[in-house]
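>>> Only the shape, not the letters, is given here:
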């Protein structure tokens with residue numbers, strides 16, 4: 001298996017990261033901060049902070065900075081994120 005596929009599998013092998021992706025999809029009309037993602041996901045702030053960074057670095061999540069406030073959203077340009085979103089909606093996980 002090539003390195004990119006293994007990286008993708010490791011990325012998706014985390015309950016916390018999958019839950020964050022689900023929250024970003026479910027509440028995509030809102031400006032989601034670390035606080036809101038933590039509130040909606042019921043994950044600890046440290047877990048969300050660590051995993052959101054991994055998702056941003058992987059290109060699954062976009063982050064916009066407004067002063068000191070960071071707003072997170074699913075990447076609209078990542079074909080895998082688009083496919084995963086469709087899967088989550090069709091499987092009624094969202």
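Great, that's in hand. Worth saying up front: this structure is predicted, and the values here are computed from it rather than measured.
>>> Show the average pLDDT along stretch 82-94.
Here stretch 82-94 scores 84 as its mean pLDDT.
>>> Just the buried positions in it, please.
Under the neighbour-count criterion of 16 or more other CB atoms under 10 Å, stretch 82-94 has 84-85, 88 buried. To be clear about C-beta, it is placed using only N, CA and C from the backbone, and glycine gets the same treatment.
>>> same question, stretch 18-25
So stretch 18-25, judged by 16+ other CB under 10 Å, has buried residues 18-25.
>>> Which ones among the residues you listed lie within helices?
18-25 (DSSP state H).
>>> ok now the lowest-mean-pLDDT helix or strand in the chain, how far from the chain's centre?
In the chain, no helix or strand scores lower on mean pLDDT, DSSP states H and E than helix 3-12, which sits at a mean of 72. Relative to the centre of its chain, helix 3-12 is centred 15 Å away, using CA atoms, centre = their mean, to the nearest Å.
>>> Check stretch 48-64 too.
6 Å.
>>> What confidence value was assigned to the most centrally placed residue in the chain?
Of all residues in the chain, the one closest to the mean position by CA atoms, centre = their mean is residue 21, 3.3 Å from it. We have a pLDDT of 94 for residue 21.
>>> coming back round to it: just the ones of the buried residues of stretch 82-94 in helices?
The helices, defined by DSSP H, take in 84-85, 88 from those.
>>> can you redo those as CSV with distance to residue 47?
Shown next, in CSV, are these (distance: CB to CB, whole Å):
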residue, distance to residue 47
84, 20
85, 22
88, 20
